[in-house]
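S.K.: Pasted the sequence and its predicted model underneath.
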Amino acid sequence: MAKKTIRNIPQERTPIATQDATGRIGNFDEVALGYSDDDALLEAERCLMCPQEPCVAGCPVGIDIPGFIQSIIDKDLRASYDILADSTLLPAICGRVCPQEDQCEGVCVVGNHLEPVAIGRLERFIGDMAVAEGWTSSPVIEPNGYKVAIVGAGPAGIACAADMAKAGCEVTIFEALHRPGGVLTYGIPEFRLPNPIIDAEFQKVLELGVKVECNTLVGRLFTVEQMRDEMGFDVVFIGTGAGYPSFMGIPGESLNGVLSANEFLTRCNLMQAGEFPQTDTPLGLGRKVAVIGAGNTAMDAMRVSLRLGAEEVHCLYRRTKAESPARVEELHHAKEEGVIFQWLTAPVEILGDDNNDVRAVRCMRMELGEPDASGRRRPVPIANSEFEFECDTVIYAIGTNANPIIGQTSKLKLNKWGYIEADKEQSTSLAGVFAGGDIVTGSATVILAMGAGRRAAQSMKIYLGINDLEDMTVSDPERQRIFGIDIRQKRFSRVRLPAQVHSA
Amino acid sequence: MYKILAREDFSDTTFMLEVLHPMLAKAAKPGQFVIVMVNADGERIPLTIADFSAERGSVTLVIQAVGKTTREMQQLCKVGSVLYALVGPMGIPSHIGEVKKVACVGGGLGVAPVFPQARAFKQRGAFVIGIIGFRSKELIFWEDKFKSVCDELIICTDDGSAGIKGLVTDGIAQAMQAHPDIEEVLAIGPPVMMKFCAEATRPQGIKTMVSLNPIMVDGTGMCGGCRVSVGGEMKFCCVDGPDFDGHQVDFDELMRRLGRFKEEERRSLERWTSNSNCRLLQEEPSVSTHA
Ligand SMILES: Cc1cc2nc3c(=O)[nH]c(=O)nc-3n(C[C@H](O)[C@H](O)[C@H](O)COP(=O)(O)OP(=O)(O)OC[C@H]3O[C@@H](n4cnc5c(N)ncnc54)[C@H](O)[C@@H]3O)c2cc1C
Ligand SMILES: Cc1cc2nc3c(=O)[nH]c(=O)nc-3n(C[C@H](O)[C@H](O)[C@H](O)COP(=O)(O)OP(=O)(O)OC[C@H]3O[C@@H](n4cnc5c(N)ncnc54)[C@H](O)[C@@H]3O)c2cc1C
Ligand code: FES
């Protein structure tokens, strides 16, 4: 075959089938339906297999992207999956929720001239195939006697747990809620990430021998120090996320009908409040909804509102579309579904009626001034522009802060915003305690949290003496790998001395 | 799954469950609470830890059947049955300070939760005055338990069928008169009761702690549904509380927020009641054939 060039590859990005906007706001089924075999093959052909591989560097977990795409072209989908599984445990999830436009696809060479290769859609294609076919990548694990505790069953904790289990450790994840998954379970709605996909991918973690203890609030049931000093865990990883919602501090926030996007989404996703009264948790959604903020969380809250019967959903954002932190695709879907965007609009007060229910939001129009520290142009209020916007529900989606419980109950060093201080290797101020994901960086992304979890796992292995730093950092293409474990790493495995083993 | 070890019914609406959870029993401190789910479709409801025993490996909950979930628990939770979820202890433990004289006040469903604090104060050597309120004599429970940890116990009933006739605030007035040296008051009960307890001690400036009970979902600080106003500041009750300085709390706001789902709660209860009546009707014939 002739060498592929930008001229001879398929010029158009293979479209992904989607449910049409009017139909989908009546259901919680997935919006983007995924690639067929032919779609995937066609799109895979668009990859130039360029030697620079900028996409690999653009991926926070360094997936061998050309490799897994080549296997699709070779029609060896199982091999493609194994390449993905080397670096990511959750391809069906990441293929759906990663902001690829800022990562792998953002640096794709094809993207310099045409639309970049749809790497995310291909990843999802293989991930879904693995779920459907029941492929797993559990290696033969030789137990080494070390006990590892993971706090929080979000993406960071799950990724860390899997790597430690593959290395032969006995791993237990402690999760405060009654279901694992973190934001994947309680935050991201079904139409973007169906629950069966989360369950199937999580099943693979359980197959590695990882134990999950739900209903366990670490810090209160036992402390991080107790886990390490009394409960026999050799290392502890903390991935408790940043799920502590912010409010603005304007008058009227205690009115009934004002809630955080986290509360709203948790009621729907975790507690199935959309099915009330078949289920017991009420939702409390009105007819006319104002969502404050324009990030991914805001998009999710608005799109869920529409599906649960809100008649009108408005997005109030103090900057413009250009500054909105939401993914382009999310903005597009929200608009298609009928969300009304009010850019350059800032709430200043929430007004209530005699029953203490929300009646309106008093807003101010803004204009963009000089760029601020974040490089975005600062919104400045326009004098005498106040107006009342009538609505009965106000949902705050203006960001989250560090969850305070671990900080309140341990000696871990926190930064001034309450996030856990961790270095490049994810080590904290306490020996044997590592941390990563949103609880270290503040709200970020699924894949960055997973990347941090895996980095922590590497450091934990070094700390325990079951791995060798050089071996891990040398990039050797000839290296033989089985499911993400370098066979040669075994040479460095050290089994914990029996005398040290704590009784369970 | 968390097994129910014992159950005792105090009245036709109030009952006690002792649940097995050794780790929780060891960790629990006075003032903390748990979140319970009866089944997978259930609501997460917060309940105060009314007692705990590390030896028995159990925690005790005292529940008032007020709506769908609590009535369902009243019907379903038998000795030997299990709860789908039980998580805790949640919240910051009560501060049991070095005070010489303290009044522990409990009304309605607050009677049980104030017990661990009374015991803890006693253990620290304080003179403990217990003030507990019920509607009438038949509804009184745990009198012996309170007597064992209180130096003085004032029982108040609405109808005067036992103890003094009146509300717990009358009990507080009586205690303050007899003991001008009360250093701290701790009040747990319905918001309106706590509000008036705080008003009763405000003139004298006696420190008054209350335990707030807003609507919660996760109990881990993740949703903000439990926010309350204390001293003009927004607090998340599940992680910053549940104990707060009663003189600073905006009780009216709390009461308004508790009414947030009134309509949904009514619907849910009606649906449940009619379903369970149907079940009873359906079951009756089969019962009579056995009889
Ligand atoms: C609505 C919404 C939509 C999003 N959409 C996207 C998207 O499309 N793409 C994307 O990449 N990112 C998205 N994000 C961000 C992404 O979900 C997070 O960055 C990621 O989940 C962080 O992972 P984590 O493991 O650090 O924490 P989390 O996912 O927050 O998980 C932390 C877990 O720890 C548990 N926990 C907390 N405290 C304790 C404790 N004391 N004891 C035991 N357990 C505890 C929590 O219950 C939770 O399960 C979204 C976030 C939200 C809120
Ligand atoms: C920290 C705390 C400790 C509590 N301790 C006890 C206790 O020891 N014993 C006891 O009987 N009750 C206690 N409660 C109250 C108990 O949680 C509610 O009575 C229960 O949730 C009612 O549920 P329901 O479905 O039976 O009634 P519903 O009909 O749903 O509600 C009845 C009333 O209970 C309140 N309520 C409803 N849902 C919730 C919720 N998810 N969280 C909190 N309140 C809610 C509302 O004000 C509502 O009007 C406590 C509440 C809190 C926050
Ligand atoms: S109950 Fe959700 S934050 Fe307190």
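M.R.: Received it, and whenever you're ready, just let me know what you need. Ligands and ions are numbered 1, 2, ... in the order given.
S.K.: Give me the below-cutoff pLDDT ranges for chain B.
M.R.: By pLDDT under 70, the low-scoring segments of chain B are B:277-291.
S.K.: Outline the domain layout of it.
M.R.: As recorded under automatic domain parsing, the domains making up chain B are B:2-90, B:101-258.
S.K.: Throw the ones you listed into a markdown table and include distance to A:V328 and mean neighbour count, thanks.
M.R.: C-beta: built from backbone N, CA, C; applies to glycine. Shown next, in a markdown table, are those (distance: least, Cβ to Cβ, whole Å; neighbours: other Cβ atoms under 10 Å in any protein chain shown):
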| stretch | distance to A:V328 | mean neighbour count |
| --- | --- | --- |
| domain B:2-90 | 36 | 19 |
| domain B:101-258 | 28 | 20 |
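S.K.: closest to ligand 3 out of these?
M.R.: domain B:101-258 (3.2 Å; Cβ to the nearest ligand atom).
S.K.: Next one: the closest one, is it in contact with ligand 2?
M.R.: Yes: counting by Cβ under 6 Å from any ligand atom, ligand 2 has neighbours in domain B:101-258: B:L109, B:P113, B:N213, B:P214, B:I215, B:M216, B:P242, B:L258.
S.K.: can you give me the end-to-end distance of that domain?
M.R.: For domain B:101-258, the first-to-last residue distance is 33 Å (Cα to Cα, to the nearest Å).
S.K.: thinking again about what came up before, okay if I get the domains of chain B as a markdown table plus distance to chain A?
M.R.: Compiled in a markdown table, these are given as follows (distance: least, Cβ to the nearest Cβ, whole Å):
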| stretch | distance to chain A |
| --- | --- |
| domain B:2-90 | 4 |
| domain B:101-258 | 4 |
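S.K.: any chance of the ones you listed in TSV, plus distance to A:T240?
M.R.: TSV is the format used below for the domains of chain B (distance: least, Cβ to Cβ, whole Å):
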stretch	distance to A:T240
domain B:2-90	15
domain B:101-258	9
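S.K.: which stretch among the ones you listed comes nearest A:D229?
M.R.: A:D229 lies closest to domain B:2-90 among the domains of chain B, at 15.4 Å (Cβ to Cβ).
S.K.: Is the residue of the stretch 1-150 of chain B found nearest ligand 1 bridged to anything, and to what?
M.R.: Of all residues in the stretch 1-150 of chain B, B:V87 sits closest to ligand 1, at 9.4 Å by Cβ to the nearest ligand atom. Bridge pairing for B:V87 (DSSP bridges) gives the partners B:I35.
S.K.: circling back: A:S459 is nearest to which of the domains of chain B?
M.R.: With Cβ to Cβ as the criterion, A:S459 lies closest to domain B:101-258 of the domains of chain B, at 26.8 Å.
S.K.: The closest one and ligand 3, any residue contact?
M.R.: Yes: in terms of Cβ under 6 Å from any ligand atom, part of domain B:101-258 sits within range of ligand 3, namely B:M216, B:V217, B:D218, B:G219, B:G221, B:M222, B:C223, B:G224, B:G225, B:C226, B:F236, B:C238.
S.K.: Is B:E43 part of a helix or strand, or is it coil?
M.R.: On the three-state scheme (DSSP: H, G, I helix; E, B strand; the rest coil), B:E43 is labelled coil.
S.K.: How about the contacts made by it?
M.R.: A:M271, A:D280, A:T281, B:M37, B:K68, B:T69 (Cβ atoms under 8 Å, 6 or more residues apart in numbering or on different chains).
S.K.: Next one: the last one relative to B:Q75, how far apart?
M.R.: What that stands for is B:T69. From B:T69 across to B:Q75, the span is 11 Å (Cβ to Cβ, to the nearest Å).
S.K.: Buried residues, the helix or strand harbouring A:P379. List them.
M.R.: Secondary structure assignment for A:P379, by DSSP states H and E: strand A:377-381. Using 16 or more other Cβ atoms under 10 Å in any protein chain shown as the test for burial, strand A:377-381 gives A:R377, A:R378, A:P379.
S.K.: What residues sit buried inside whatever helix or strand comes next after that strand?
M.R.: Going down the chain from strand A:377-381, the next helix or strand is strand A:387-390, by DSSP H and E. Across strand A:387-390, burial judged by 16+ other Cβ under 10 Å covers A:F389.
S.K.: average model confidence for the helix or strand following strand A:387-390?
M.R.: With elements assigned by DSSP H and E, the helix or strand that comes after strand A:387-390 is strand A:393-396. For strand A:393-396, mean pLDDT rounds to 94.
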